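**Q** got a predicted structure plus its sequence, pasted below:
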Amino acid sequence: MPKMKIGVFDSGLGGLFVMRALAQKLPRYDYVYLGDTARVPYGNRSPQVVHQFLEEAVDFLFKRGCGLVIVACNTASAEALRKIQQDYLPKHYPSRRVLGVIIPTVEEALAGKSRGAANAPSIRRLGVLATQGTVRSGTYAREAQKLAPHIKVFQSAAPLLVPLIENGGTKWAEPIVREYLAPLRRAKAQKIILGCTHYPALKDMIRKLSGAPVVSQDELIQRKLADYLARHPEIDSRLGKTGKRELLVTDITPGYERLARKWFGKNARLKKVAL
Ligand code: DGL
């Protein structure tokens, strides 16, 4: 049987931060990145539409030979992943896997000093900065409360950050970031999750302004994936390990090509596909 690849899916190019970390820290695996640049952003769409888009993307990646898909997009993980895992996978691809980013991120945020004792975390007030869709879904709060029933989760929706980042406007971001962080600071959040693929682009600024430690997915997903593959040798053994990378998008513009080079390195080459 031919070896399979790891798919990394995002609504756009922000997932390249996670993809870059995976390619650097777990370089042997073969990866296919898919960014739905023709339809980004997902963050202000309805859950039904996000679900439809995610199913199309997962289906595409499986047909392209992925054995495992990581949904780097927080909005899609929050609004549609469960349904894909419960309905679509068992029916169409029972031996493949689709993993999201929300549970590993919450585990990381709650671990800290009390690592290994998720039911008695040292933090009681968790902040989440995310898109409107992710905030509205309440998924971060639900998952955090499953691990730590007494935790209070404070969320702030930051709808202006993705367009600002995508359009090269990070130098104007500071007053906007301050505004979005204000409710989390007022709530005295003890950690702040960056619950969106794009926010690592503003990580240093957010760290400076947040008043609390910041949990960023480009610093943890590679470790969580390595743990997962070590616990699931039956999946790991089916994955190709020749270091291949493919960056696929549903629309290409000079702006997207620039962003891909900025976030993934000067050799980043985008290829257009239709879902
Ligand atoms: N990828 C999305 C996320 O992580 C952000 C961009 C969008 O709104 O589609 O939530």
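**A** Cool, the structure landed.

**Q** going forward, measure contacts and count neighbours with C-alpha atoms only.
**A** Will do.

**Q** all strands of this structure, in order?
**A** Using DSSP state E, the strands found in the chain span residues 5-10, 31-35, 66-71, 97-99, 125-130, 152-157, 191-195, 214-215, 245-249, 270-272.

**Q** which parts of the stretch 101-250 of the chain sit against the ligand?
**A** Proximity of the stretch 101-250 of the chain to the ligand, by CA under 6 Å from any ligand atom, involves residues 131, 162, 196-197.

**Q** so what's Gly240 closest to, chain neighbours aside?
**A** Distance criterion CA to CA, 6 or more residues apart in numbering; nearest residue to Gly240, sequence neighbours excluded, is Lys3 at 4.6 Å.

**Q** how many other residues sit next to that neighbour?
**A** By the criterion of other CA atoms under 10 Å, Lys3 has 14 neighbours.

**Q** tell me the pLDDT of it.
**A** On the pLDDT scale, Lys3 is placed at 94.

**Q** circling back to that earlier point, what is the nearest of the residues of the stretch 101-250 of the chain next to the ligand to Glu108?
**A** In terms of CA to CA, no member of these lies closer to Glu108 than Cys196, at 15.4 Å.

**Q** which secondary element of this structure has the worst mean pLDDT?
**A** Scoring the helices and strands of the chain by mean pLDDT, DSSP states H and E places helix 161-166 at the bottom, with a mean of 92.

**Q** would you mind measuring from Val58 to Gly67?
**A** Distance from Val58 to Gly67, counting by CA to CA, to the nearest Å: 10 Å.

**Q** more neighbours: which of the two?
**A** Val58 (26 against 23).

**Q** please name the residues that touch that one.
**A** Val58 makes contacts with 9, 69, 98, as judged by CA atoms under 8 Å, 6 or more residues apart in numbering.

**Q** residues near the first one, how many?
**A** Using other CA under 10 Å, Phe9 has 30 other residues around it.

**Q** ok, Asn44 next?
**A** With other CA under 10 Å as criterion, Asn44 counts 15.

**Q** my read: it touches Arg136, true?
**A** No. Asn44 lies out of contact with Arg136 (CA atoms under 8 Å); the separation is 9.9 Å.

**Q** which parts of the least confident helix or strand of the chain are buried?
**A** 161-162, 165-166 (16 or more other CA atoms under 10 Å).

**Q** so where's the stretch 1-150 of the chain shaky on pLDDT?
**A** 112-121 (pLDDT under 70).
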